[in-house]
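Enquirer: how does the following fold in three dimensions:
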Amino acid sequence: MIEIKGLAKSYGERRVLKNVDLSVQAGEFLVVLGPSGAGKSTLLRCVNGLIPLDRGEIVIDGRTVRTAELGRREARRPTAMIFQHHNLVKRLSVLKNVLVGRMPGMSSLLALLQIFPAADVEQAMACLRRVELEHKAQVRGDQISGGEQQRVGIARALAQEPAVILADEPVASLDPKTARTVLGYLKRICKDTGIAVICNLHQVDYAVEFGERIVGLSDGAVVFDGAPERLSAEIVHRIYPGLEDPGIARVLRFQGGRQGAADIALAARA
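Expert: Predicted coordinates for the structure are as follows:
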């Protein structure tokens, strides 16, 4: 589904990604775990074609996309993005925000006039049903809660019919209960549709609770790639150098690596 080979990216003299090799299968919910500045967002932007690579190549759904092609619109169409701050058009209805995900396949004139084919409207409504927001279809984007806005973001991404959904810290601005609800919808859609999901997080508890596989990034390099059960206190400290949190080690030992999110969150505050 996705093959990333020797990916490198620098900003000036700062090396943000260092020869990253990574593969993601269809229907896999992959969590990229790491601190701020580890290169998680840059990784997603490279996969989505928002920034060029310095070196390496990316294969999406069987097609090799080289550096020179990454900025082209058609090269980005297999991917959909979910952003940290929702990125809804607040004055538009929930339904029209989801229909934005259908615009890449429309003529420029119809997109400008916001005239959507009936089939696209039906598709958008089906996506809203998946996140249980069909009843909010005609409500403005600025009149729903933050968690609901992020669920609209998931529906918008799904409406693009992508091969891959890239989620960049999608729950960073949400409270723990709402965050788990949003991640639950995202993982369920991943499994039901076979769409691969790469989800950037910096919370260890959410990564273990929802990730089928965890990739740990630290200083631009992959330092861990494996199942949540293999995540140990030593690996967590390799991902987060200098972390002082004996509670994480205690909970990891107690649950054998697949700990409850609430337990580890409490341990982190202990």
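
Enquirer: all strands of this structure, in order?
Expert: 2-11, 14-24, 29-33, 55-60, 63-65, 79-82, 164-168, 196-201, 213-218, 221-226 (DSSP state E).

Enquirer: make a markdown table from those and add distance to residue 45 and mean pLDDT to it.
Expert: C-beta: built from backbone N, CA, C; applies to glycine. Below are the strands of the chain laid out as a markdown table (distance: least, Cβ to Cβ, whole Å; pLDDT from 0 to 100):
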| stretch | distance to residue 45 | mean pLDDT |
| --- | --- | --- |
| strand 2-11 | 9 | 94 |
| strand 14-24 | 10 | 95 |
| strand 29-33 | 13 | 97 |
| strand 55-60 | 12 | 92 |
| strand 63-65 | 14 | 73 |
| strand 79-82 | 9 | 92 |
| strand 164-168 | 8 | 96 |
| strand 196-201 | 11 | 96 |
| strand 213-218 | 14 | 96 |
| strand 221-226 | 17 | 96 |
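
Enquirer: need those strands in TSV (columns: distance to residue 154 and mean neighbour count).
Expert: What follows is the strands of the chain, written out as TSV (distance: least, Cβ to Cβ, whole Å; neighbours: other Cβ atoms under 10 Å):
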stretch	distance to residue 154	mean neighbour count
strand 2-11	19	17
strand 14-24	18	17
strand 29-33	13	26
strand 55-60	20	18
strand 63-65	24	14
strand 79-82	6	24
strand 164-168	8	25
strand 196-201	10	26
strand 213-218	20	22
strand 221-226	25	17
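
Enquirer: can you redo the ones you listed as a markdown table with distance to residue 186?
Expert: Formatted as a markdown table, those follow (distance: least, Cβ to Cβ, whole Å):
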| stretch | distance to residue 186 |
| --- | --- |
| strand 2-11 | 17 |
| strand 14-24 | 15 |
| strand 29-33 | 8 |
| strand 55-60 | 19 |
| strand 63-65 | 24 |
| strand 79-82 | 8 |
| strand 164-168 | 6 |
| strand 196-201 | 6 |
| strand 213-218 | 15 |
| strand 221-226 | 21 |
